[in-house]
Structure formats: structure tokens, C-alpha cells
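[1] quick one, fold the following:
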Amino acid sequence: MTRPDAHRTASLRRATSESTVELSLDLDGTGVARIDTTVPFFDHLLTAFAKHSLTDLTVRASGDTQIDAHHTVEDVAIVLGDALREALGDKSGISRYGDALVPLDEALAQAVVDLSGRPYLVHDGEPAGYEFHLIGGHFTGSLVRHTFEAIAFHSAMTLHVRVLSGRDPHHIAEAEYKAFARAFRQAKALDPLVSGIPSTKGAL
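    Residues are numbered from 1 along each chain as shown. Purely as a prediction, here's the structure:
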């Protein structure tokens, strides 16, 4: 069982022929981020996630970005999902659900989180052709959905992300990540009214 005074933390390392990722996080932090994935726009998104979810996050990653950013970004998202799952533990006392609607200028995104133990992603609303946009040099729009998919499946959460409006690719991606962060912040929060695991099944 998670004690209210205990910080929920995880530290993981993943090394493949394509990338090396070292990641640590504290779900009960203040949003401090130390991020270096060698993919600057992804650093920006992860920093926003940490800040707005109040999760202290340190990431050091390197990989074959001379080929594509895909491998490094994907592997960081996998490790982040694994670390979230580990840090959440048995999920005793958590709120479990979170819902956030976040604007960024013309962009508006909604994220809904259920720390259900059942991995599922619903992701829609990005403008036609968004997946082909190049953001920040070598981060393609397709990686936004791909990272949410990896995070959701490896953390075993249900995640719905909807883009309600947006024109600028940078704004759309950042609004999506900030909405996810705020929804996750609600879901991970320890609720003093919750006794034990918030599920009729007795496990999440």
C-alpha cells in the first residue's frame, strides 16, 4: 500500500542497438525536469509533461538519430510508460481518473486518463496530414500519437486524447501533452477519501 508520506519513484534503463535510455521520476515531485533525449522538440514536450503533471523527471537518451528520431523517441516513451507503472505501485489511494481540457493559442486538446491497468489509446482530431509535419527539425507529427501509444500500453493506462481545434503543429502537439499532463496529475493524486484500491475488482 502507498503511504501518503512516501514518494512514488522509479529509475529505469533500457539499452538496444538503436538507443540507450536512462530515466528516473518522482510522481510526488514539483515538476522539475532535466531532459536530454537529443531530440529537442521531444525534450520540450517531456518538460511540459513534467511541469504540468507535477512529476519530477530526468531523462538522458541517445540513439541513431542520424537515421531518424523515431527509435530514440519511441524508446524513451516505452521507458516512461514502464516507469509510470512501476512508480504507481498497487495504486492504493489514488483518484484513478483525470480529465483536462487545455488551450494553447488556437489549439485546444482534451485528455482523459484512467489508471485502469488496461492499456488502451483513443487518439483523434489532428488535422489531415498532421502526421507528415516536421516540427523542430526532425520530430514528425506522427510521433505524437506514437508516443502516447507507447506510454499508454507500457503504463497500462487507458488514455483518450482529442484535438478539438488547432492550426500550428507545434501548438497542437504541446496542447496534447499539456492536457495529458493535467489529466494524469488528477489521476495519480492521492485522494484522502479513497480507502484501498479504487476498483470493485480490488486490483488495478
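[2] what mean pLDDT does stretch 184-192 get?
    The pLDDT scores in stretch 184-192 average 96.
[3] can you list the buried residues in that stretch?
    Residues 184, 185, 186, 187, 188, 189, 190 are the ones in stretch 184-192 that count as buried (16 or more other Cβ atoms under 10 Å). For glycine as for every other residue, the C-beta is placed from the backbone atoms N, C-alpha and C.
[4] residue nearest the centroid of the chain?
    Most central in the chain under Cα atoms, centre = their mean is residue 151, positioned 5.8 Å from the mean C-alpha point.
[5] now the buried residues of stretch 184-192 as a markdown table including distance to residue 127 and secondary structure?
    Shown next, in a markdown table, are those (distance: Cβ to Cβ, whole Å; DSSP: H, G, I helix; E, B strand; the rest coil):
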| residue | distance to residue 127 | secondary structure |
| --- | --- | --- |
| 184 | 25 | helix |
| 185 | 27 | helix |
| 186 | 27 | helix |
| 187 | 28 | helix |
| 188 | 30 | helix |
| 189 | 33 | coil |
| 190 | 38 | strand |
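[6] is residue 82 in a helix, a strand, or coil?
    Under the three-state scheme (DSSP: H, G, I helix; E, B strand; the rest coil), residue 82 adopts helix.
[7] how far away is it from residue 21?
    Distance of residue 82 to residue 21, computed by Cβ to Cβ, to the nearest Å: 10 Å.
[8] those two: which is more packed in?
    Between residue 82 and residue 21, counted using other Cβ atoms under 10 Å, residue 21 has the larger neighbour count: 23 against 19.
[9] host element of the more buried one?
    Taking DSSP states H and E as the criterion, residue 21 maps to strand 19-26.
[10] this protein: helices as residue ranges?
    With DSSP state H as the criterion, the chain has helices at 40-53, 70-88, 142-155, 169-188.
[11] burial count for residue 194?
    By other Cβ under 10 Å, neighbour count at residue 194 equals 15.
[12] pLDDT below threshold where in this protein?
    For the chain, applying pLDDT under 70 flags the ranges 1-5.
[13] if we can go back for a sec, let me see the contact set for the residue lying closest to the residue nearest to the centre of the chain once chain neighbours are set aside.
    Nearest non-adjacent residue to residue 151, counting by Cβ to Cβ, 6 or more residues apart in numbering: residue 81, 4.3 Å away. Contact analysis of residue 81 by Cβ atoms under 8 Å, 6 or more residues apart in numbering lists 150, 151, 152, 153, 154, 155.
[14] do that again at 10 Å, thanks
    119, 147, 148, 149, 150, 151, 152, 153, 154, 155, 156, 157 (Cβ atoms under 10 Å, 6 or more residues apart in numbering).
[15] not including adjacent chain positions, what is the nearest residue to the fifth one?
    Put plainly, it is residue 150. Closest to residue 150 by Cβ to Cβ, 6+ apart is residue 77, at 3.7 Å.
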